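Asks: Provide a 3D model corresponding to the input given below.
(2 chains)
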Amino acid sequence: DTEVTQTPKHLVMGMTNKKSLKCEQHMGHRAMYWYKQKAKKPPELMFVYSYEKLSINESVPSRFSPECPNSSLLNLHLHALQPEDSALYLCASSRGGPYTFGSGTRLTVV
Amino acid sequence: KQEVTQIPAALSVPEGENLVLNCSFTDSAIYNLQWFRQDPGKGLTSLLLIQSSQREQTSGRLNASLDKSSGRSTLYIAASQPGDSATYLCAAGGAAGNKLTFGGGTRVLVKP
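Replies: Numbering: from 1, shown residues only, chains lettered A, B, ... in the order given. Next up, the predicted model:
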């Protein structure tokens, strides 16, 4: 298995909702990442997990809460988001070599 | 702080022409340099990875070079095809397990 799988592919949520994004990989990669990408912009790093521990938080608002339950799974819990948080959320993993990205979750906050 | 720039932001060429995409970075202390392709609304597909100790990597019609001393990488795509139309992103990697810093991308259109 050489893929990073993200679910759901699309998500529409209200500003008072709580939802979660899920990312899974079975390549034995010990570093996992969340990136946010707005339209026509490059991806921006949000969080890095290394060996299941949070190693980088790029000053992301607390309404985004990451979780790494085990070496294959990465979640992003969402609560009280704003319309400007609408974006493509990308998960990636690596083991010192090439990063492998998932196909992303297209999030719309209404 | 690492900054990555890609010029031009957009490029249009006729089918069959060779493509040359440029990437520059400010901090030469990189771990690796990776090139990605992104189709509209999709995730990123890794094309080539060049480790900091390497000068170039090749895969089929793609060739990427790296010059750390000048802070530059170039992606060459030979004999372009309409299916090569996409946005190409370069990203500089810090220490192992650390973050990628992306350039703004070059949007490529190959006309039949």
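
Asks: ok, residue A:11 - contacts?
Replies: Applying CB atoms under 8 Å, 6 or more residues apart in numbering or on different chains, one finds that residue A:11 lies in contact with A:19, A:21, A:105-108. (Glycine included, C-beta is placed from N, CA and C.)

Asks: now with 10 Å?
Replies: Contact analysis of residue A:11 by CB atoms under 10 Å, 6 or more residues apart in numbering or on different chains lists A:17, A:19-21, A:78, A:89, A:105-109.

Asks: run through the residues of chain B sitting next to chain A.
Replies: By CB under 10 Å from any CB of the partner chain, the residues of chain B that approach chain A are B:4, B:6, B:9, B:31-32, B:34, B:36, B:38, B:40-49, B:51, B:87, B:89-91, B:93-105, B:107.

Asks: and the strands in chain B?
Replies: Across chain B, reading from the start of the chain, the strands by DSSP state E fall at B:4-7, B:10-14, B:19-25, B:32-38, B:44-51, B:56-59, B:62-67, B:72-77, B:86-93, B:100-102, B:106-111.

Asks: count of neighbours near the residue nearest to residue A:29 when sequence neighbours are not counted?
Replies: In this structure, residue A:29 finds its nearest non-sequential neighbour in residue A:93, 3.7 Å apart by CB to CB, 6 or more residues apart in numbering or on different chains. Here the number of neighbours of residue A:93 (other CB atoms under 10 Å in any protein chain shown) works out to 25.

Asks: what is residue A:93 paired to in the beta sheet?
Replies: According to DSSP bridges, the residues that bridge with residue A:93 are residue A:32, residue A:100.

Asks: and the gap between it and residue A:5?
Replies: In this structure, residue A:93 and residue A:5 are 11 Å apart, going by CB to CB, to the nearest Å.

Asks: overlap in contacts, the two.
Replies: Taking CB under 10 Å, 6+ apart as the contact rule, the neighbours common to residue A:93 and residue A:5 are A:23-26, A:102.
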